[in-house]
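1. below are the sequence and a predicted model; questions follow.
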Amino acid sequence: MPSSYASLSRAQLAVLVPELLLIGHLIDRTGMAYAISEFGPEAMTQIAIEEWAGASPIYARRMQQALEFEGDDVVTIFKALQLDIGAPPQFLDFRFELTDRLHGEFYLDHCGALLDVEPMGESFVRAMCHDIEDGTFDATAMATNPRARIRPVHRPPRTPTDRHPHCRWSVDIEAEPGSPPLPPTPALETLGRTRAATLVLDPIDTTDEGLSHYRGDLLADLDFGGFSHSALVRIADEVVLQMHLLALSFREAVAARADGADQRHRVLQGQLIGHAGLAAQRLVAALGLGSEPADAARLMELHPMFNPAAYVTVHRDGSTISVEPSAAHDDGAWPAWCGPDRPEALQAIVRAVDPHLDVDVRPSAQGWSATVVRNDQPAPLAPAVALANLSLGARFEFEQRRSLPLTVI
């Protein structure tokens, strides 16, 4: 099925892709808040480790294959980070330095995630910058080379409190000669069996104007406008698939700890509703959508929850979308958590267009349909969306940068 993003122009896609990377990163801004509330901070930390370690090696390999920069060196690791929802451009401002193909460093000139958690206290900073990073950075590097190791040079808590850059890390392959390669995590094995992990997307048209790959030099900042329309469509589809994989991995980690279906439902629905609304807010601004019911239906059609089209079967007719059983439903992904009896995430999306909007969700012969309608009175912001909006990422603005090649020091 053709990608929903193919209907956007090349210029629109160049704006959309970094937005999607940031939107994917913000999944945890609601999910982890509910995990803390239900399970406590220590369990939340373990959930985050399992979540990212289960998903990131799968989607890192997918992006390497899609843009033809597969390899086993540090450059490949750095390129994968630039297209990872775990490291959205500028919000987590990774700066890279290359020593040779087996050694390098990166530092964060700005870390929005750190600035989000510093007001919460040192224990939360240590949980993120020590426990979670130690448990997930190597898992991410493993997608490129199981003998790669990512180790801190310095990291928060910041001493002094305004220390800059926020952190610095070394990346070495065979840093520990003779050590065995990292084994896959149980979470990775579970995610590898999902439809999302093996989903086949349309190949990039190499005759399209612009770059169709990311072979060659590592660039300090990716100029998404330099990619072709076809490449940007594929990147967008891969990035929203990263989000589904991360949410599926989060679901598995939560399910392993939940005391029954009700607790699991509270956490997963909280994450879904908060992220759905936050993502919608950023997409409305990025794409310049209007405030009519048809605009809200278009927003649902482009929303990460209902993409990529090869994974989620959605049709739009004016102000109505219809959702049919698909690979996403087989996986129990986000679309399976919406419908006539669970409209809250859909409401969060359309109210990002106008708080007067609502959805009339009804079952159909093939699934369900949602028609956008207008109410006389505006609805209040959903608590889960308000919680997600506490992140600096809700208001972050991207800046224009030059795309410069990086070479060995």
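-> Now that the structure is in, tell me what you want to look at. Numbers count the residues shown, from 1 in each chain.
2. packing partners for the strand or helix carrying Ile36?
-> Counting by DSSP states H and E, the element that carries Ile36 is helix 28-39. Under the contact definition 3 or more Cβ pairs under 8 Å, 6 or more residues apart in numbering; DSSP states H and E, helix 28-39 sits against helix 41-66, helix 229-255, helix 261-287, helix 383-388. Where you see a C-beta, it was placed from the backbone N, CA and C, and this is true even at glycine.
3. 7 Å instead, please
-> Helix 28-39 sits against helix 41-66, helix 261-287, helix 383-388, with contacts defined as 3 or more Cβ pairs under 7 Å, 6 or more residues apart in numbering; DSSP states H and E.
4. now it and helix 41-66, what's the angle there?
-> Helix 28-39 and helix 41-66 are oriented at 150 degrees to each other (axes from the mean of the first three to the mean of the last three Cα atoms, to 10 degrees).
5. can you pull out the helices in this structure?
-> 10-25, 28-39, 41-66, 74-82, 112-117, 122-126, 133-142, 186-191, 229-255, 261-287, 293-302, 327-331, 344-350, 383-388 (DSSP state H).
6. the nearest residue to Thr76 once chain neighbours are set aside: what's it in contact with?
-> Nearest residue to Thr76, sequence neighbours excluded (Cβ to Cβ, 6 or more residues apart in numbering): Thr144, at 4.7 Å. Residues near Thr144 by Cβ atoms under 7 Å, 6 or more residues apart in numbering: Gly71, Asp72, Thr76, Ile77, Ala80.
7. neighbours of the last one, how many?
-> Read that as Ala80. 28 (other Cβ atoms under 10 Å).
8. thought it was touching Gln65?
-> No: the criterion here is Cβ atoms under 7 Å, and Ala80 misses it with Gln65 at 10.8 Å.
9. joint contacts of these two?
-> Joint contacts of Ala80 and Gln65 (Cβ under 7 Å, 6+ apart) do not exist.
10. where does pLDDT dip in the protein?
-> 175-179, 407-409 (pLDDT under 70).
11. gap between Ala53 and Leu211?
-> Separation of Ala53 from Leu211 (Cβ to Cβ, to the nearest Å) stands at 31 Å.
12. of the two, who's got more company?
-> Ala53 (25 against 20).
13. OK, contacts around that one?
-> Gly135, Thr136, Ala139, Thr185, Ala187, Leu188.
14. which single one of those residues is nearest to Leu20?
-> Comparing the contacts of Ala53 against Leu20 with Cβ to Cβ picks out Thr136 as the nearest, at 20.3 Å.
15. and the closest one, how many residues sit next to it?
-> Applying other Cβ under 10 Å, I find that Thr136 has 23 neighbouring residues.
16. can you tell me the closest non-neighbouring residue to Leu392?
-> Counting by Cβ to Cβ, 6+ apart, the nearest residue to Leu392 once its immediate chain neighbours are dropped is Gly112, at 5.1 Å.
17. residues contacting the one you found?
-> Phe91, Leu92, Leu392, Gly393, Phe396.
18. so how far is Val312 from the closest residue to Arg316 other than its chain neighbours?
-> Once flanking residues are discounted, Arg316 sits nearest to Glu301: 4.7 Å by Cβ to Cβ, 6+ apart. Distance from Glu301 to Val312, counting by Cβ to Cβ: 10 Å.
19. Leu387 contacts Thr30, doesn't it?
-> Yes: using Cβ under 7 Å, Leu387 is in contact with Thr30, at 5.6 Å.
20. contacts for stretch 217-224?
-> 14, 17-18, 75, 78-79, 82, 89, 96, 98, 232, 401, 403-406.
21. still on that earlier bit, from Lys79, how far off is the residue nearest to Thr76?
-> Taking Cβ to Cβ, one finds Thr144 at 9 Å from Lys79.
22. kindly report the same for Val353.
-> 35 Å.
23. again, but for Asp208
-> Using Cβ to Cβ, one obtains 21 Å as the distance from Asp208 to Lys79.
24. quick one, which of those two is more surrounded?
-> Remark: of Asp208 and Lys79, Lys79 carries more neighbours, 27 against 16, as counted by other Cβ under 10 Å.
25. correct me if wrong: that one contacts Phe69.
-> Yes: the criterion here is Cβ under 7 Å, and Lys79 meets it with Phe69 at 5.1 Å.
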